[in-house]
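Undergrad: sequence plus predicted model, see below.
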Amino acid sequence: MTPYPTTRTARRRQSGQALIEYDIVASVLATALFTFEFGGRTGAQYLADMIRAFFRSLSYFISLP
């Protein structure tokens, strides 16, 4: 027997670790988006305002002759 894990076992372990890391990062970002305030607005409100502004300017640009 070899003391090292087989390639298949190592891949499965790595895949599980990546999922946990992704979960942690996504949870921290989602929490930060809704808890911290920037100028009296949460990150989610700020993001929604920026998306609205982008589409407003995009529709203006498309309407130009």
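TA: Now that the structure is in, tell me what you want to look at.

Undergrad: and stretch 41-59, how far out from the chain's middle?
TA: 17 Å (CA atoms, centre = their mean, to the nearest Å).

Undergrad: now it: mean pLDDT?
TA: The average pLDDT within stretch 41-59 is 93.

Undergrad: same thing with stretch 24-34?
TA: Mean predicted lDDT for stretch 24-34 stands at 93.

Undergrad: burial measure for L33, as a count.
TA: Number of residues near L33 (other CB atoms under 10 Å) recorded here: 14. Every C-beta, even on glycine, is put in place using the N, C-alpha and C of the backbone.

Undergrad: leaving out chain neighbours, which residue sits closest to it?
TA: G43 (4.2 Å; CB to CB, 6 or more residues apart in numbering).

Undergrad: distance check, the residue nearest to F38 when sequence neighbours are not counted against S63.
TA: Closest residue to F38 apart from its sequence neighbours, by CB to CB, 6+ apart: Y46 at 5.4 Å. Applying CB to CB, to the nearest Å, the value for Y46 to S63 is 26 Å.

Undergrad: could you pull out the helices for the chain?
TA: 7-35, 43-63 (DSSP state H).

Undergrad: separation between the residue nearest the centre of the chain and F38?
TA: What sits nearest the mean C-alpha location of the chain, by CA atoms, centre = their mean, is A26, with 5.6 Å. Separation of A26 from F38 (CB to CB) stands at 20 Å.

Undergrad: and for F54?
TA: Taken as CB to CB, the span from F54 to F38 is 17 Å.

Undergrad: same check, this time on E21
TA: Taking CB to CB, one finds E21 at 27 Å from F38.

Undergrad: try A48
TA: 13 Å.

Undergrad: try L29
TA: L29 is 15 Å from F38, by CB to CB.

Undergrad: just to revisit the earlier point, ok, the residue nearest to L33 - contacts?
TA: Applying CB atoms under 8 Å, 6 or more residues apart in numbering, one finds that G43 lies in contact with A32, L33, F34, F36.

Undergrad: as TSV, these with distance to L58 would be great.
TA: Putting the contacts of G43 into TSV (distance: CB to CB, whole Å) gives the following:
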residue	distance to L58
A32	27
L33	23
F34	26
F36	28
